[in-house]
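Q: Provided below are the primary sequence and the corresponding predicted coordinates.
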Amino acid sequence: MTTVTFSLESTRFDEDYRPRSDTRTTTNFANLARGENREQNLRNTLRMIDSRFNELAHWGNENGDRYSIELDIVSVSVAIDSDGEVSGDAMPLFEVLQTTIVDQRSGERVQGIVGNNFSSYVRDYDFSVLLPARSGSPSTTHLPDDFGVLHGNLFKAFLRSDIYAQNFSKPPVICLSVSTSKTYQRTENRHPVLGVEYRQSEYSQTDSYFGKMGSRVRFFLPPNSKAPLAFYHFGDLLGEYSDLELAATIGTMETFQKIYRPEIYNANTAAGASYQPSLANADYSPIPIAYDREERSRLGLEQGRFAEEHFVIPHKAALEEWSKDFAVHQLDPQGERS
């Protein structure tokens, strides 16, 4: 019988952040923390996050400087135990962000939402190695039936693990950019922090992939934002999190999206009633933070190949056995194990 065991480590993302050498470096974060502009990049990023968060958390915050956000990169690894024998070292698997809200007035510290950003070696393998090999193009809409199943089961198992329960009190929320291949329609639904809800024309590849991880997705345009954000949630998005927690996620991830995709999230015109985002949009304001998109794409492929060589291929039989067994023992609708 094959079992998997998860472990995690945290790295503070601050002005002194340097990518870890012994685990997966989250491509986006590492990208900002290299080169001659690293300190300025990090300082400007953190300043933008705090500024946006205080703008959203405006109640009892007359001067717009009451709060600050602390960020920790949570690196999750997995060890495979096949018939009582551990197969090599733990493999780096996922990385997410944990926010902590610091009230500068009272000194109170509040644990925010875990998730936010999401990066994954196996996801890199699925999209950068497996999908192109099967289809000849990474943009095909005809996905294999088993595409993302192993990755989804690994993520679900992590959420149900003791180590998750020991470190996090609520389900994660992953906040990403909207898809440039889909059209989004504004609705009448409004939330005081999340903003105006949008609905999309159809699911994207990312939506389907995250669905196999157990998530649902909703799209909201926060107040004074330029484009909707995609919120992949595993609990009750509107009922389970405080306004401060949601504001911290928006302040963090909208800042990163302004850096990664300024054509969309720092556009000079906000999304209208019907909206299709485009990276070809020329009407946007550049962000004074250096970010290398070419490196991000290249590292995605390199990390996918690493996962293939060190995880997927050598443990193929054990992973297939574990994934099938996990699927059989999924939680039933009443929340009890079958």
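A: Structure received.

Q: longest strand anywhere in the chain?
A: With residue count as the measure and DSSP state E as the assignment, the chain has strand 67-82 as its longest strand.

Q: quick one: the strands in this structure?
A: Counting by DSSP E, the segments of the chain that form strands are 2-13, 67-82, 85-86, 91-103, 109-120, 173-177, 184-191, 195-200, 216-221, 229-233, 274-275.

Q: Now render these as a markdown table, adding mean neighbour count, distance to residue 52 and mean pLDDT.
A: In short, each C-beta sits where N, CA and C put it, glycine included. What follows is these, written out as a markdown table (neighbours: other CB atoms under 10 Å; distance: least, CB to CB, whole Å; pLDDT from 0 to 100):
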| stretch | mean neighbour count | distance to residue 52 | mean pLDDT |
| --- | --- | --- | --- |
| strand 2-13 | 17 | 16 | 93 |
| strand 67-82 | 19 | 9 | 93 |
| strand 85-86 | 10 | 44 | 58 |
| strand 91-103 | 22 | 12 | 95 |
| strand 109-120 | 21 | 13 | 95 |
| strand 173-177 | 22 | 13 | 97 |
| strand 184-191 | 14 | 17 | 98 |
| strand 195-200 | 19 | 13 | 97 |
| strand 216-221 | 20 | 14 | 98 |
| strand 229-233 | 23 | 12 | 98 |
| strand 274-275 | 16 | 21 | 98 |
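
Q: now for those strands, which one comes closest to residue 329?
A: Ranking these by their distance to residue 329 (criterion: CB to CB) puts strand 2-13 first, at 11.8 Å.

Q: Run through who's touching that closest one.
A: Contacting residues not belonging to strand 2-13 are listed as 17, 20, 23, 29, 42, 70-83, 90, 93, 97-98, 154, 157-158, 161, 163-164, 167, 318-319, 321-322, 325 [CB atoms under 8 Å, 6 or more residues apart in numbering].

Q: I figured residue 159 hits residue 170, correct?
A: No: contact criterion CB atoms under 8 Å: residue 159 and residue 170 do not qualify, at 10.8 Å.

Q: hmm, back to that, let me have the strands of the chain in a markdown table, adding distance to residue 260 as columns.
A: What follows is these, written out as a markdown table (distance: least, CB to CB, whole Å):
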| stretch | distance to residue 260 |
| --- | --- |
| strand 2-13 | 15 |
| strand 67-82 | 16 |
| strand 85-86 | 37 |
| strand 91-103 | 14 |
| strand 109-120 | 10 |
| strand 173-177 | 7 |
| strand 184-191 | 19 |
| strand 195-200 | 20 |
| strand 216-221 | 17 |
| strand 229-233 | 12 |
| strand 274-275 | 18 |
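
Q: sorry, back to before: what pairs with the longest strand of the chain, parallel or antiparallel?
A: Here strand 67-82 has these sheet partners by DSSP bridges: strand 2-13 (antiparallel), strand 85-86 (antiparallel), strand 91-103 (antiparallel).

Q: how about these in a markdown table, adding distance to residue 214?
A: Putting those into a markdown table (distance: least, CB to CB, whole Å) gives the following:
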| stretch | distance to residue 214 |
| --- | --- |
| strand 2-13 | 16 |
| strand 85-86 | 27 |
| strand 91-103 | 14 |
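
Q: mind checking which of these is nearest residue 146?
A: Residue 146 lies closest to strand 2-13 among the strands paired with strand 67-82, at 17.5 Å (CB to CB).
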